[in-house]
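Enquirer: Give me coordinates for this.
(chains A and B)
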Amino acid sequence: MAAEKIAFDLVSPEKLLLSAKADMVTIPGTEGYMGVMAGHAATVTTLRAGMIDVQADGRDDRYFIRGGFAEINASKITVLADEAIPMTEMDLAVLDQRISDAQEDEMAAQTDAARQKAAQLVDDLKLVRAAF
Amino acid sequence: MATVKEMRTRIGSVKSTQKITKALQMVAAAKLRRAQQAADAARPYAQQMASIIANLATGVSGEAPLLLGGTGSDQRHLVIVATSDRGLAGAFNGSIVRAARVKIQALIDAGKDVKILTIGRKGRDQLRRQYGSRFIESYELGLKGPNLALVKPMAQQVLDLYAAGEFDIVSLIYSRFRSVVTQVPTVKQLIPAQVDAAGAAALYDYEPDEEAILEALLPQNVSVQILSALLENQAGFFASQMAAMDNATRNAGDMIKALTIQMNRTRQAKITTELIEIIAGAAAV
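Expert: Residues are numbered from 1 along each chain as shown, chains lettered A, B, ... in the order given. I've put the predicted structure just below:
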């Protein structure tokens, strides 16, 4: 495969976590995981909780994100994550904490929309936990 | 006239004050660096978000969401005033509060309904006397410094109230960190979102669709805007505190110098008087 790379920025509200070139980035879109390579059609998508997979030079870096947005164009993908943690710093305790937080949110939700959102987050997080 | 002993005590007390201001200055300098890094680190996210919103806002078909299009009225205002919890920072909080007063008074004079939400203890204390009846909530920053977890409940309250139709326009007053020596009190309109239309050009596919993305993006944008304002405030606060404490240290130094000279003079005058008395006594014999 022609090794044209795509620029990848992963930012959270508190900091820029990663700015690198990658062969392929897999992101957890609301409508399913998408693999993004250079030359991708310009897209803006919302993200669900899940794993970002960054493949570069045979290496494979994974990040956990708790929802967010991605902006993609032919040469660049920018992920705006609500929260992002590198898998190397991640452990089950952290994940369980997120799940119980989300469950509390679900209990405390005032509106149907908010409850649905929290429930969705719980499901997504459980999926991540199952794959952990 | 004060005695030599009194003046020595006085100098001692000024010296310990100077030690405290010096220590505060150094602490502020160290914290400033960290606060500046935090503010810089938060910038890419806010910028990206603004550019996505700009893109979406110009491309959105049909009716724009409330947070973007507004309610179509400008009668009821919510003014969020962000200051620091602590003082000893020169004119930092004072200038934010002054800007807030100007804005609030202008709105009241124009016959608008104004409500106030404060973030930071100083702003609350200074505005309460005059506008206490208009307060809807006061938040404190706490010890940890601004982060998203701190901002979320504030943003949620604002969003809930907005969704309930309590306000038409929400603006945020904070101190923009231009450099270590200049911080500018700034009024920023939070809702409806301000869109920089010039940035929009690219054509995007939207997943799931424009409306759904905007719906998720705009509330998040409110949190992020408040967070970045608080981070800039934090950096400005420490910069201002550093300058104020530097001044105080220098003033204390000047004061010690003046007091020391005065003390030496007094002591010398006393000695001279004693000598004269002795000589006069001897001459009289």
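Enquirer: Whichever residue of the stretch 151-285 of chain B sits closest to chain A - nearest residue in space that isn't next to it in sequence?
Expert: Using CB to the nearest CB, residue B:207 is the residue of the stretch 151-285 of chain B that sits closest to chain A, at 3.9 Å. From N, CA and C alone the C-beta is placed, and that goes for glycine too. The spatially closest residue to residue B:207, leaving aside those adjacent along the chain, is residue A:45, at 3.9 Å (CB to CB, 6 or more residues apart in numbering or on different chains).
Enquirer: Contact partners for residue B:137?
Expert: B:117, B:118, B:157 (CB atoms under 8 Å, 6 or more residues apart in numbering or on different chains).
Enquirer: Pull out the buried members of these.
Expert: The neighbour-count test (16 or more other CB atoms under 10 Å in any protein chain shown) marks B:117, B:118 as buried among the contacts of residue B:137.
Enquirer: Around chain B, pick out the residues from chain A.
Expert: A:9, A:11-16, A:29-31, A:41-46, A:69, A:71, A:73, A:78, A:80, A:82-83, A:110 (CB under 8 Å from any CB of the partner chain).
Enquirer: Just the buried ones from the residues you listed, in PyMOL syntax?
Expert: In PyMOL syntax, the buried subset of these is picked out as below (16+ other CB under 10 Å):
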select buried, chain A and resi 9+11+12+13+14+15+16+29+30+43+44+45+46+69+71+73+78+80+82+83
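Enquirer: Quick one: name the residues of the stretch 101-250 of chain B near chain A.
Expert: Within the stretch 101-250 of chain B, the positions adjacent to chain A are B:147-148, B:160, B:202-208, B:212-213, B:216-217, B:220, B:223-224, B:227 by CB under 8 Å from any CB.
Enquirer: wait, is residue A:47 part of a strand?
Expert: Yes: when DSSP: H, G, I helix; E, B strand; the rest coil is applied, residue A:47 is found to be in a strand.
Enquirer: what is it paired to in the beta sheet?
Expert: Per DSSP bridges, the residues bridged to residue A:47 are residue A:29, residue A:68.
Enquirer: residue nearest the centroid of chain A?
Expert: Among the residues of chain A, the one closest to the centroid is residue A:65, at 4.0 Å (CA atoms, centre = their mean).
Enquirer: Then chain B?
Expert: residue B:83 (3.8 Å).
Enquirer: tell me the contacts of the residue of the stretch 1-150 of chain B found nearest chain A?
Expert: Nearest residue of the stretch 1-150 of chain B to chain A, counting by CB to the nearest CB: residue B:41, 3.8 Å away. By CB under 8 Å, 6+ apart, the residues touching residue B:41 are A:14, A:15, A:16.
Enquirer: tell me which of these is nearest to chain B?
Expert: Once CB to the nearest CB is applied, the member of the contacts of residue B:41 that ends up nearest chain B is residue A:15, at 3.8 Å.
Enquirer: Flag every buried residue along the helix or strand bottoming out on mean pLDDT in chain A.
Expert: Here the helix or strand of chain A ranked lowest by mean pLDDT, DSSP states H and E is helix A:112-131, holding a mean of 81. The neighbour-count check on helix A:112-131 (16+ other CB under 10 Å) flags A:117, A:118, A:120, A:121, A:122, A:124, A:125, A:128 as buried.
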